[in-house]
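what's the 3D shape of this:
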Amino acid sequence: MILLRLLGVGAVYGLGFMFVKSLFPEPFALLILQGGGTSEGNLTLISFVYIGVGLISGLMAAPIFGGLLLLRRGSGDGNPSASRLTLSLALALLMGVISGLLTLGAYATGILPAGGVLDPLRLIRASNFPTGTPLLVVWTVARDLLPAGLTGLFLSPVAGGLLQRLYEGDRPREQKHYELEDI
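From the prediction side, this is the model:
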């Protein structure tokens, strides 16, 4: 039952990420309408792969994040509260890392054409500094963190409650006490 809920949250975050990611690094949603080919190759294929990677990364990240939350819940630490925003951003950033790795994989396997401006492997292969290659790989993965963070920010009021309930588990909610001086 928890897995189905997590897949639902993953689908919601994946769809949100798909729409936000379609604006970075280029407005792929607009390029789909243009069709045809350019120096990057077939724009429709590139757009669908970039957008599809966003959805797939959401579906992959939610069960992984849910498993981490369940492990943390079982540890019995003394701080049972976490905000919706914190949990939502953590899930979204994990989703961004997975998306960056999937994008690298799409270029490495030849699903996306090599040599274009958006091809991160072209920069990685052209690096001639000892620290350049690892730094470029990290940058390639990190460039998906901005749209992922925006997705987490926008979706925290919508789906953050489920993540918060999963994190808190069976613990009762903490009752807030107000004093007359606080008002």
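
which regions of the protein lie under the pLDDT threshold?
Counting by pLDDT under 70, the chain contains low-confidence ranges at 24-40, 73-81, 169-178, 181-183.

let's go with 50 and repeat that
Nowhere does the chain drop to pLDDT under 50.

tell me what the one helix or strand Leu166 maps to is packed against?
Using DSSP states H and E, Leu166 falls within helix 145-168. Under the contact criterion of 3 or more Cβ pairs under 8 Å, 6 or more residues apart in numbering; DSSP states H and E, helix 145-168 touches helix 2-21, helix 43-74, helix 84-109. Where you see a C-beta, it was placed from the backbone N, CA and C, and this is true even at glycine.

closest to Leu155 out of these?
helix 2-21 (5.1 Å; Cβ to Cβ).

turn the helices and strands packed on helix 145-168 into JSON lines, columns for distance to Arg122.
Shown next, in JSON lines, are those (distance: least, Cβ to Cβ, whole Å):
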{"stretch": "helix 2-21", "distance to Arg122": "21"}
{"stretch": "helix 43-74", "distance to Arg122": "14"}
{"stretch": "helix 84-109", "distance to Arg122": "9"}
